[in-house]
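1. build me a structure from this.
(6 chains)
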Number of protein chains: 6
Amino acid sequence: MIRCGDTHVLCTASIEDRPPPFLKNTGLGWVTAEYGMLPRATHTRGRREAKNGQSGRTQEIQRLIGRSLRAGIDRVALGERQITVDCDVIQADGGTRCASITGGWVALRLAVNALIKAGDVISDPITDHVAAISCGIYAGQPVLDLDYPEDSEAGTDGNFVMTGGGRLIEVQMSAEGATFGRDEMTELMDLADKGVSDLVAAQKKALA
Amino acid sequence: MIRCGDTHVLCTASIEDRPPPFLKNTGLGWVTAEYGMLPRATHTRGRREAKNGQSGRTQEIQRLIGRSLRAGIDRVALGERQITVDCDVIQADGGTRCASITGGWVALRLAVNALIKAGDVISDPITDHVAAISCGIYAGQPVLDLDYPEDSEAGTDGNFVMTGGGRLIEVQMSAEGATFGRDEMTELMDLADKGVSDLVAAQKKALA
Amino acid sequence: MIRCGDTHVLCTASIEDRPPPFLKNTGLGWVTAEYGMLPRATHTRGRREAKNGQSGRTQEIQRLIGRSLRAGIDRVALGERQITVDCDVIQADGGTRCASITGGWVALRLAVNALIKAGDVISDPITDHVAAISCGIYAGQPVLDLDYPEDSEAGTDGNFVMTGGGRLIEVQMSAEGATFGRDEMTELMDLADKGVSDLVAAQKKALA
Amino acid sequence: MIRCGDTHVLCTASIEDRPPPFLKNTGLGWVTAEYGMLPRATHTRGRREAKNGQSGRTQEIQRLIGRSLRAGIDRVALGERQITVDCDVIQADGGTRCASITGGWVALRLAVNALIKAGDVISDPITDHVAAISCGIYAGQPVLDLDYPEDSEAGTDGNFVMTGGGRLIEVQMSAEGATFGRDEMTELMDLADKGVSDLVAAQKKALA
Amino acid sequence: MIRCGDTHVLCTASIEDRPPPFLKNTGLGWVTAEYGMLPRATHTRGRREAKNGQSGRTQEIQRLIGRSLRAGIDRVALGERQITVDCDVIQADGGTRCASITGGWVALRLAVNALIKAGDVISDPITDHVAAISCGIYAGQPVLDLDYPEDSEAGTDGNFVMTGGGRLIEVQMSAEGATFGRDEMTELMDLADKGVSDLVAAQKKALA
Amino acid sequence: MIRCGDTHVLCTASIEDRPPPFLKNTGLGWVTAEYGMLPRATHTRGRREAKNGQSGRTQEIQRLIGRSLRAGIDRVALGERQITVDCDVIQADGGTRCASITGGWVALRLAVNALIKAGDVISDPITDHVAAISCGIYAGQPVLDLDYPEDSEAGTDGNFVMTGGGRLIEVQMSAEGATFGRDEMTELMDLADKGVSDLVAAQKKALA
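-> Predicted coordinates for the structure are as follows:
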């Protein structure tokens, strides 16, 4: 369970001993993610996805989580197995996709630790920390970690996914009915750098 | 959050100020339930219902929860509003539908308390406690509260939903590849009587 | 075709020489059921399920029919084959699930007779009759075999599935906006005992 | 219930007092049809459409039935109401769409008779009989009313829908892996003329 | 790309080296078709089928195209492979199914030419041209090639699919709220004969 | 029709005189987009979305197109109407989402011109050009406009959506099994600046 402000996400990782069909006999492993939000996680009750099917937004988020976590994995070292990371939002107050990536990495780390302990993998397939932070331009100011009311009013928001070593994995900045300049983009990336460092420290503390 | 042994269910109740369409202008309220299970709630990871649609079993369970809770409600006193009780199983070890009913009633009680406090209802629409207990015949013996391994091997199992006053709301006993006698049925009902009393005491303690 | 009052159900049984995938190489057979209701079976025309998908209620009924019929089958004696019992309601006036079980057993009996005649099974896999009766509390009185207007007004109703030898297979009693006592439950079970005896006699007559 | 050889179709007509939305306030009525086949209607058990959705073939057939029946209706005389004709095939041995049209017309006639008797329509909205006959080229010979084994082997088959007065409503001739000539087409139309006359006589007898 | 008046259809043919599952190890090939219409192909924007699923009408059209093209193919000479002809309507002004068949045949001819050139088939599997023409009765007159405004008002319309040698493959004449006589049918077939000859000439010119 | 290298996209814009329901009585207009790809647009034939439903990827792309185009629109000046931009990929060789945005803007411009000419809007609701360019890191080098083979092998790729005035609307950079540094990000943004200028010039030329 990861808590970022008032956003609580339950992250678990499940190991299957065989890879997805498209990786059979390649020697490579796979990390994938599934994402969900309980109907009462938000301030007003949302619709239950099991009754309505996954929205495009949900599918987009779970692809992002999977892609981000794979950037910190050596798939040869993982071997022909699949790890599914489930991220279920129990309470939401903005930044659920970032909390899912940051918490999902901790669940992945624990699952891989179990594989190492059982002797199922020889060298550690995890190459670095992976963490994500949301940011935006709120009331004219670039800021990190928007909570829900800020997020709704920000004309521009986005996410940065980065490694523990400060390399970029994913940059998403998106304006709705607004635009932003190169200078603001630079400022946001500086903020993100610092924010991710703090999150990596928190991951280390959680695992200790 | 209700915990029955190793079964953990998150129960919340959401109030809407208008009733479902079929009750418009009748003066009557409605209580309904939605049920879900996180993919990792069980020992082996299950499939995510948002990707596959609600199974018939899920629909059957949520209809049972709604029907059970309505048996303890005076729908005239509730007035034209709808309360949706969400029961999401975080960890499952047998008896999830019973835990959902027993915990869902506590969430319903708290929601109704809020309505009373706000002056939105005049007299208390809750007429009695509602709780449920699972039981079965395991290794030839009638027993209460089967955990998951017992449940899987029991040829006969079921649920009793009852009021705090000992009246029956729902009796479900079902044999798979087996049958049972009238005497065993009687013994199970005696056990259920006692089990529900304990649950009602626990509900009172949780609310205190 | 079984007729119970004004309820007419067309029951057929189809034999497949291979079991469902989960029973391959186990030596065990399977009995399953599918249930449907023609749109014009009820007093007012219902929706065609082929256009809207099977409702949760339909799925619940067909699982009940299958489970009930399996309780009267020795799956080892049946061997690795599957019998599908189709129950299609042509005209409905209450009690369609009970008529489906009682009539479905006759179709199953005939299909198994054909297997025996053809020498495909050595010993008779049918261990006992299976029949079902609906009951409820109508106008304060426990009664059997509610027709549709009674059924709609009964606060408590249910079904008993039993063997020819009087053993119980399934007990379902359910109250909507009402409750019932232990004494009423006992009275209903006495009534069901007698009702099922009559149905078993009718099954014997139909097969003669 | 119409029987054509070994094809049995249950046809019923249901009247609704309001027209479909697209005809509101036009003064015109509508006749539509729904078609289904029980899984065991064919020699080998088919799939249940309620579990799989209506096939394109089923939708095509029900549009054909509706269109055919509307050709024999004065929609102004019918007034703003809708008649739904349900055709459910209980047993199939070829020619189910033709039997549905011919039998559906009888159900429509009875429903309209009830409207006339109740004084709900002033003049008879039915302008003529509507009946349909299947035909094909089997073993080089144009023939009527193919049964199932013939139908499967015929390279060319089709349907003629006609009025009692011998006017054409629908002509469908279709070759699979074959072709046919103008002379064969003429011969088939002569046969159809005679076949429909016989069906109209049978409709009159059924209604008498 | 085929243009018939203001109807523009993009036709392509794709070859797969294995046949559909039901033809495995039979030595026979298959030709199938898929049909679609861009939302803006019609005068008023239609709904996007990808968001709503294929309509019954679309499925009916693509079965017709496939069946028509197969009538001009020797499936033994084609061998165990499948050719999928995609017909996508870019701009529609009536007669899209006929344009799809006539243009689809050209795409099929080109694909088969490539197979012959590559030495993958020994003898030419195409036995004749296949082309289709729409016709109807508009303002009391049998006419060919209705454009959209005519088509909407014609009480009777249909399609003829024929070979280059003048043999019939498919005849569909259908009246909505009208009927037609044998003499009109004969006149329409005479018109179709001539119309298809012109289309075959156009196919030859396109390939030259 | 926009052509970027071997990527051809058909872009059209359709105007509806009423806004989507959530904007009724707000005075604001809306621009939305729908995106599709013909099955044969890619080198190997893809699956037809009408048969399988829109993928999450398709939904993500059409949301991106809509959001991008709205950034260049004054929704007050547009007034209560909706413009739907359809982008259908006829032939694909990488960069389909960027070509859709750039070409979609031209279609939007033409549709708005028609509104202005008809006097339906008073002041021009279009505030600036909107164009998009894809980029990535291929063989260690930041590059623009990857074609399909480059795109498949690039470990990092993304899109920049910008206005004619050089403001950013959307930045998406995504690594699969790789990471990238701040310096590479800066280099990509410099390239994008230049690329978008060229596209804006091409838009002007197309409209002239």
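2. just the pLDDT for the residue of chain A most remote from its centre.
-> If you look at how far each residue of chain A sits from its centre, by CA atoms, centre = their mean, the farthest one is residue A:25, at 28.7 Å. At residue A:25, the predicted lDDT confidence score is 91.
3. go on, residue A:175?
-> As predicted, residue A:175 sits at a pLDDT of 89.
4. repeat that for residue A:4.
-> On the pLDDT scale, residue A:4 gets 66.
5. swap in residue A:190?
-> pLDDT at residue A:190 comes out at 93.
6. how close does it get to residue A:134?
-> In this structure, residue A:190 and residue A:134 are 15 Å apart, going by CB to CB, to the nearest Å. All C-beta atoms are positioned from the backbone trio N, CA, C, and that covers glycine.
7. what's around residue A:146, how many residues?
-> Per other CB atoms under 10 Å in any protein chain shown, the neighbour tally for residue A:146 reads 21.
8. OK, contacts around it?
-> A:94, A:95, A:134, A:135, A:136, A:138, A:154, A:157 (CB atoms under 8 Å, 6 or more residues apart in numbering or on different chains).
9. from those, which is closest to residue B:203?
-> Distance ranking of those against residue B:203, using CB to CB, places residue A:94 first at 34.5 Å.
10. leaving out the residues flanking it, which one is nearest to residue A:55?
-> residue A:49 (7.0 Å; CB to CB, 6 or more residues apart in numbering or on different chains).
11. which element, helix or strand, includes residue A:90?
-> Assigned by DSSP states H and E, residue A:90 falls within strand A:82-91.
12. ok and the residue in chain A nearest chain D?
-> residue A:53 (15.4 Å; CB to the nearest CB).
13. residue contacts, that residue?
-> So residue A:53 contacts B:50, B:53 (CB under 8 Å, 6+ apart).
14. that one and residue D:8, how far apart?
-> 39 Å.
15. neighbour-wise, which of residue A:190 and residue A:134 wins?
-> A direct count of neighbours by other CB under 10 Å for residue A:190 and residue A:134 places residue A:134 higher, at 27 against 11.
16. report the beta-bridge partners for that one.
-> Using DSSP bridges, the bridge partners assigned to residue A:134 are residue A:159.
17. okay but it is in contact with residue A:100, surely?
-> No: the pair residue A:134 / residue A:100 is not scored as a contact, 11.2 Å apart, by CB atoms under 8 Å.
18. ok so, going back, could you count how many residues lie near the residue nearest to residue A:55?
-> Residues near residue A:49, counting by other CB under 10 Å: 21.
19. wait, doesn't it sit right on residue B:34?
-> No: between residue A:49 and residue B:34 there is no contact under CB under 8 Å: 11.0 Å.
20. in chain A, which residue is most central in space?
-> Nearest residue to the geometric centre of chain A (CA atoms, centre = their mean): residue A:101, 1.6 Å.
21. my read is that that residue contacts residue A:68, right?
-> Yes: between residue A:101 and residue A:68 there is a contact at 4.9 Å, judged by CB under 8 Å.
22. how big is the angle separating whichever strand or helix holds residue A:188 from helix F:182-207?
-> Here residue A:188, judged by DSSP H and E, is contained in helix A:182-207. Relative orientation of helix A:182-207 versus helix F:182-207 (axes from the mean of the first three to the mean of the last three CA atoms, to 10 degrees): 140 degrees.
23. counting by contacts, list what helix A:182-207 packs against.
-> helix A:96-117, strand A:130-138, strand A:141-144, strand A:156-163, strand A:168-175, strand F:168-175, helix F:182-207 (3 or more CB pairs under 8 Å, 6 or more residues apart in numbering or on different chains; DSSP states H and E).
24. nearest to chain E within chain A, name that residue for me.
-> residue A:56 (11.1 Å).
25. ok, that residue to chain C distance?
-> For residue A:56, the distance to chain C equals 22 Å [CB to the nearest CB, to the nearest Å].
26. equivalent analysis for residue A:11, please.
-> Here residue A:11 is placed at a distance of 31 Å from chain C (CB to the nearest CB).
27. same deal with residue A:172?
-> As for residue A:172, its distance to chain C is 37 Å (criterion: CB to the nearest CB).
28. for residue A:38, same thing?
-> From residue A:38 across to chain C, the span is 21 Å (CB to the nearest CB).
29. what sits against that residue?
-> Residue A:38 neighbours (CB under 8 Å, 6+ apart): A:88, A:89, A:90, B:10, B:36, B:86, B:88.
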